[in-house]
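> let me see the structure of the following:
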Amino acid sequence: MEYLVTMTTHVPDGTSDQEVADVRAREAANTSKLVARGHLLRLWRPPLAPGEWRSLGLFAAADEAELEEVLASMPLRIWRTDEVTPLSLHPNDPGLQAIAGGTEFLTTFTVTVTEGTTEQVVADTMAREAQRAKELAGQGHLLRLWRCPAGGGPDALGLWRASDSAELRAMLESLPMDPWMTEEITPLTSHPSDPALAGK
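Purely as a prediction, here's the structure:
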């Protein structure tokens, strides 16, 4: 199973620069081990406020208990809080792993079908949505797509690549379900320990 983990670090006041450097060095070494074991799939930095220390990670684990063992093994955990979102398969997920030029973005989608829409219109729109998602994946823009847990949050999470936010916005507006969707876009920057950058 895959999980999106928002990792926020708060270094206690009075911690020496040397101690921070030591923990960060151990974190980088441990990250390599997690990648080799198949637990850490991707790592990004979202937009940060001054002094904020936060990362987004895509992890794989058999279940939440194994994920907790993985997260607890990370040296920065002594100063970090983790927010975990379990992800499940989405029928339109292209499963692309390679990265190329452009910026990556995470998007959340919440779908609210307009009241009075017939089941046939919903089915037809979903079929056109699947086709458009396949086209965008074929162009290298839609990399991954997951379903989020039910219960008040977003319905789906997508990983995209685009030249900028305007290009991404145009792609999202091209989705047949766009009139029913509320999206939230998070631009991502590379993290030095991102497994996708290995060897680059």
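
> how much space separates Glu69 from Ser193?
Going from Glu69 to Ser193 by C-beta to C-beta, to the nearest Å gives 19 Å. The way it works is simple: take the backbone N, C-alpha and C, and place the C-beta from them, glycine included.

> quick one: buried residues of stretch 188-199?
The neighbour-count check on stretch 188-199 (16 or more other C-beta atoms under 10 Å) flags 188, 191, 193-196 as buried.

> sorry, that was for stretch 33-43
Within stretch 33-43, the residues that count as buried by 16+ other C-beta under 10 Å are 34-35, 39-43.

> and those, which of them are in helices?
34-35 (DSSP state H).

> per-domain residue ranges of this protein.
2-86, 90-189 (automatic domain parsing).

> just how off-centre is the last one within its chain?
It stands for domain 90-189. In this view, domain 90-189 has its centroid 13 Å away from the chain centroid, taken as C-alpha atoms, centre = their mean, to the nearest Å.

> ok, for Asp63, nearest residue in space, not its chain neighbours?
Nearest residue to Asp63 in three dimensions, chain neighbours excluded: Met1, at 6.7 Å (C-beta to C-beta, 6 or more residues apart in numbering).

> if we can go back for a sec, how about a markdown table for the domains of the chain, with mean pLDDT added?
Formatted as a markdown table, those follow (pLDDT from 0 to 100):
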| stretch | mean pLDDT |
| --- | --- |
| domain 2-86 | 94 |
| domain 90-189 | 93 |
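
> quick one, strands of the chain?
2-9, 40-45, 54-60, 80-89, 103-111, 142-147, 156-162, 181-190 (DSSP state E).

> adding distance to Glu27, write those out as CSV.
Shown next, in CSV, are the strands of the chain (distance: least, C-beta to C-beta, whole Å):
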stretch, distance to Glu27
strand 2-9, 10
strand 40-45, 11
strand 54-60, 10
strand 80-89, 10
strand 103-111, 22
strand 142-147, 25
strand 156-162, 23
strand 181-190, 17
